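Asker: sequence-free structure coming up:
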């Protein structure tokens, strides 16, 4: 966050809070709130601008499809901001801070948009003809000869065919 943004946030926190009907505020300003979310701002900050709680905004917005889309755009914005901050970091402390911000941004993005940002897991399922595999396995066994008493793996296998003595 820039120094000016931090000062504005601090000023908003110190401003006297007035109680407003949260649901009405969220409904009236829904499009503006969603635009702010898309830009990467968090609900707590947006709620302070409107004099309501972040939880109240969340409860109103959570089931709206537009909010889910806005959070996905927010995640992409956060990742872009984290990349910019990472590239701009020069000192050890700035680099460490940028690294942690990047980790958070990617984890958040993975949680709100797993199809785009989540780890890809691919499973290959082979649907070969099992009958063909069994036929090839059978060809490897000596055919047309009755099985004899065979010792395999320490156990004796007895021929159980009709012509055995």
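Answerer: Looks like it came in fine. Remember, predicted model here, so these are calculated numbers, not experimental data.
Asker: buried residues, the lengthiest helix in the chain. List them.
Answerer: As assigned by DSSP state H, the longest helix anywhere in the chain is helix 65-88. The neighbour-count check on helix 65-88 (16 or more other Cβ atoms under 10 Å) flags 67, 70-79, 81-82, 85-86 as buried. Every residue, glycine included, has its C-beta placed from N, CA and C.
Asker: what is the mean pLDDT for it?
Answerer: The average pLDDT for helix 65-88 rounds to 92.
Asker: with stretch 31-49 instead?
Answerer: Stretch 31-49 carries an average pLDDT of 90.
Asker: now the end-to-end length of it.
Answerer: The straight-line separation of the ends of stretch 31-49 (Cα to Cα, to the nearest Å) is 14 Å.
Asker: mind listing what's buried along that stretch?
Answerer: With burial defined by 16+ other Cβ under 10 Å, the residues of stretch 31-49 counted as buried are 33-34, 36-38, 40-41, 43, 45-48.
Asker: pick out the most distant pair among those.
Answerer: With distances taken as Cβ to Cβ, the most widely separated pair in the buried residues of stretch 31-49 is 38 and 48, at 18.0 Å.
Asker: follow-up on the earlier one: need the buried residues of stretch 31-49 in JSON lines (columns: secondary structure and distance to residue 92).
Answerer: Putting the buried residues of stretch 31-49 into JSON lines (DSSP: H, G, I helix; E, B strand; the rest coil; distance: Cβ to Cβ, whole Å) gives the following:
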{"residue": "33", "secondary structure": "helix", "distance to residue 92": "38"}
{"residue": "34", "secondary structure": "helix", "distance to residue 92": "38"}
{"residue": "36", "secondary structure": "helix", "distance to residue 92": "33"}
{"residue": "37", "secondary structure": "helix", "distance to residue 92": "33"}
{"residue": "38", "secondary structure": "helix", "distance to residue 92": "33"}
{"residue": "40", "secondary structure": "coil", "distance to residue 92": "26"}
{"residue": "41", "secondary structure": "coil", "distance to residue 92": "29"}
{"residue": "43", "secondary structure": "helix", "distance to residue 92": "33"}
{"residue": "45", "secondary structure": "helix", "distance to residue 92": "29"}
{"residue": "46", "secondary structure": "helix", "distance to residue 92": "33"}
{"residue": "47", "secondary structure": "helix", "distance to residue 92": "35"}
{"residue": "48", "secondary structure": "helix", "distance to residue 92": "33"}
